[in-house]
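Trainee: sharing a model prediction with you, sequence too.
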Amino acid sequence: MDNDDIEDFSGDQNRRNRDRKIENIRAWADPGGVLPVVDCQIVDISDGGAQVRPVKKNIEMPDAFTLQIDASRSFGEVNVVWRGERSVGVKFAKPRSRR
């Protein structure tokens, strides 16, 4: 998937069909392979996806990555579905279960 396939909904109204919970969790995005991991923050989260923002400005989030909280906790594979000015919306490959 290249950037032309990702819609920019940053100025649109909320299109979510699931409730989101504000989290502000430090995490990292691991695109795999030789690409570097990106330190990021999970801004909010739902069963189906999350809003993620890189910690450093001017860092572009990869199109697909593993969203990792620490060495033993992961939200699994995610795909970017929208890009805003500073954050991205991601969809979980496998919906997470409620805790």
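Mentor: All right, it came through fine. Residues are numbered from 1 along each chain as shown.

Trainee: how about G89: which residues does it bridge to?
Mentor: Q51, W82 (DSSP bridges).

Trainee: shouldn't it be in contact with G49?
Mentor: Yes: using Cβ atoms under 8 Å, G89 makes contact with G49 at a distance of 6.2 Å. (Each C-beta comes from the backbone N, C-alpha and C, glycine too.)

Trainee: any shared contact partners between those two?
Mentor: V81 (Cβ atoms under 8 Å, 6 or more residues apart in numbering).

Trainee: ranges for the strands of the chain?
Mentor: Assigned by DSSP state E, the strands in the chain fall at 21-30, 38-45, 49-54, 64-70, 73-83, 88-92.

Trainee: format these as JSON lines; extra columns: mean pLDDT and mean neighbour count.
Mentor: Shown next, in JSON lines, are these (pLDDT from 0 to 100; neighbours: other Cβ atoms under 10 Å):
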{"stretch": "strand 21-30", "mean pLDDT": "89", "mean neighbour count": "15"}
{"stretch": "strand 38-45", "mean pLDDT": "96", "mean neighbour count": "19"}
{"stretch": "strand 49-54", "mean pLDDT": "96", "mean neighbour count": "22"}
{"stretch": "strand 64-70", "mean pLDDT": "95", "mean neighbour count": "16"}
{"stretch": "strand 73-83", "mean pLDDT": "95", "mean neighbour count": "17"}
{"stretch": "strand 88-92", "mean pLDDT": "97", "mean neighbour count": "22"}
